[in-house]
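>>> what would the 3D arrangement of this be:
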Amino acid sequence: MNGLTIEEVEHVADLANLVLTEEEKKKFSRQLNDILDDIDKISSVNIQENSTPTISPTENHDLYHGDETENSLTMDEIKKNANKTSGDYITVPGALDD
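Sure thing, here's the model as predicted:
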């Protein structure tokens, strides 16, 4: 691929409403040409049509385990460990109480 000319960089800058100095035009021309060269390298890679796309370099398997239930504490056991209760609720001091 032929590289971008300074005029093409100026045109792109004009489309983006950018005002560039001569030094910036040269710098961006080099950078854009480097990007285009990299795109050419990527495009030149031979990819077989029958190849399987790689999503991850490792085999991912779901490692979920079934839920198992256990007996929980009764309300009386819970209230026995609380400092203060009100009915079936545990009473705690408010965040803004002194």
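>>> show me where this structure has helices.
Applying DSSP state H to the chain gives helices spanning 6-15, 22-43, 75-80.
>>> in TSV: the ones you listed, plus mean pLDDT.
Formatted as TSV, these follow (pLDDT from 0 to 100):
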stretch	mean pLDDT
helix 6-15	92
helix 22-43	93
helix 75-80	88
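>>> mind putting those into JSON lines with mean neighbour count?
Placement of C-beta: from N, CA and C, glycine included. Putting those into JSON lines (neighbours: other C-beta atoms under 10 Å) gives the following:
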{"stretch": "helix 6-15", "mean neighbour count": "13"}
{"stretch": "helix 22-43", "mean neighbour count": "12"}
{"stretch": "helix 75-80", "mean neighbour count": "11"}
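>>> quick one: closest of these to D67.
Among the helices of the chain, helix 75-80 comes nearest to D67, with 22.1 Å by C-beta to C-beta.
>>> dump the helices of the chain to TSV, plus distance to P53.
Shown next, in TSV, are the helices of the chain (distance: least, C-beta to C-beta, whole Å):
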stretch	distance to P53
helix 6-15	33
helix 22-43	15
helix 75-80	53
